[in-house]
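Undergrad: Return atomic coordinates for the entry below.
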Amino acid sequence: MRALILYRPGLPGWLSEMLKYQGPSRLAMEILAWHETLYYHAVTTAMYAEAVGRALGLQEEELEWLTQAAFFHDCGKISWPLVLADRERLDTEDRKLVNVHPIAGAYYLRQYWPEVPKLVCRIVKEHHERSDGSGYPNGLRNGEIHPLSMIVAAVEVYTALLEHRSYRDRGFMKVEALAELERQGFPENVIQVLAAVENDVTMGKMFGVKNLAGK
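TA: From the prediction side, this is the model:
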């Protein structure tokens, strides 16, 4: 399993470097072990986040934190029963698990990677918060959410919309996904960057994965 993650041909350089460290590598292995498609989603989200961060002129340290948080944003899902990976409709109990996965993710990061930057944990906790207060787990509003969290939130939604999911017939076309981001009120500068990024940023050809887990 370790070799599969660390030495898979074509792995992005930043990910290879990050996974040299035992804590993050172990957590990445847990993500892959839970569901390969969750791992694929993590890599794709991180690659889009890196592209957005560079385009917005983030400094290298901020860019590193953004990319790390984007990769680990859904690591809290490893606490879910595997049945949730492909469930088309969520019941009340399912939703309870879904709504706490950002908090679980921050706990997992601190457990596996004690030196994890505090901002990385914060971004993971906030990646489902929304500026109008409709998000979870804490219903934060604009001004309470870190700007890097909003980038990961937008990129994660964009990535998910482009992917095939069990609860819809097809993935969104790029123009549809961008329109949905605008409808949901994500930052205009992030949407503009995503509009300019080619979809070959995705890792589908490398990993050969068509189905993706996530809510």
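
Undergrad: burial of the nearest residue to Tyr112 once chain neighbours are set aside, as a residue count?
TA: Closest residue in space to Tyr112, ignoring its immediate chain neighbours: Leu27 at 4.0 Å, by CB to CB, 6 or more residues apart in numbering. Where you see a C-beta, it was placed from the backbone N, CA and C, and this is true even at glycine. Using other CB atoms under 10 Å, Leu27 is surrounded by 22 other residues.

Undergrad: doesn't Gly105 make contact with Val116?
TA: No: using CB atoms under 8 Å, Val116 is not in contact with Gly105; the gap is 10.9 Å.

Undergrad: Between the two, tell me which one has more neighbours.
TA: Taking other CB under 10 Å, Val116 and Gly105 do not tie; Gly105 has more neighbours (25 against 22).

Undergrad: Could I get the contacting residues of the closest residue to the more buried one other than its chain neighbours?
TA: Nearest non-adjacent residue to Gly105, counting by CB to CB, 6+ apart: Gly76, 3.2 Å away. For Gly76, the contact set (CB atoms under 8 Å, 6 or more residues apart in numbering) comprises Val100, His101, Pro102, Ile103, Ala104, Gly105, Ala106, Tyr107, Tyr108, Val124.

Undergrad: ok, and the most crowded of those?
TA: Val124 (30 neighbours).

Undergrad: Which strands or helices does the helix or strand where that one lies pack on?
TA: Val124 belongs to helix 118-126 when assigned by DSSP states H and E. In terms of contacts (3 or more CB pairs under 8 Å, 6 or more residues apart in numbering; DSSP states H and E), helix 118-126 is packed against helix 60-72, helix 92-112, helix 147-162.

Undergrad: any chance of those in CSV, with distance to Ala42 too?
TA: Compiled in CSV, these are given as follows (distance: least, CB to CB, whole Å):
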stretch, distance to Ala42
helix 60-72, 5
helix 92-112, 11
helix 147-162, 9
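
Undergrad: out of these, nearest to Val43?
TA: helix 60-72 (6.9 Å; CB to CB).
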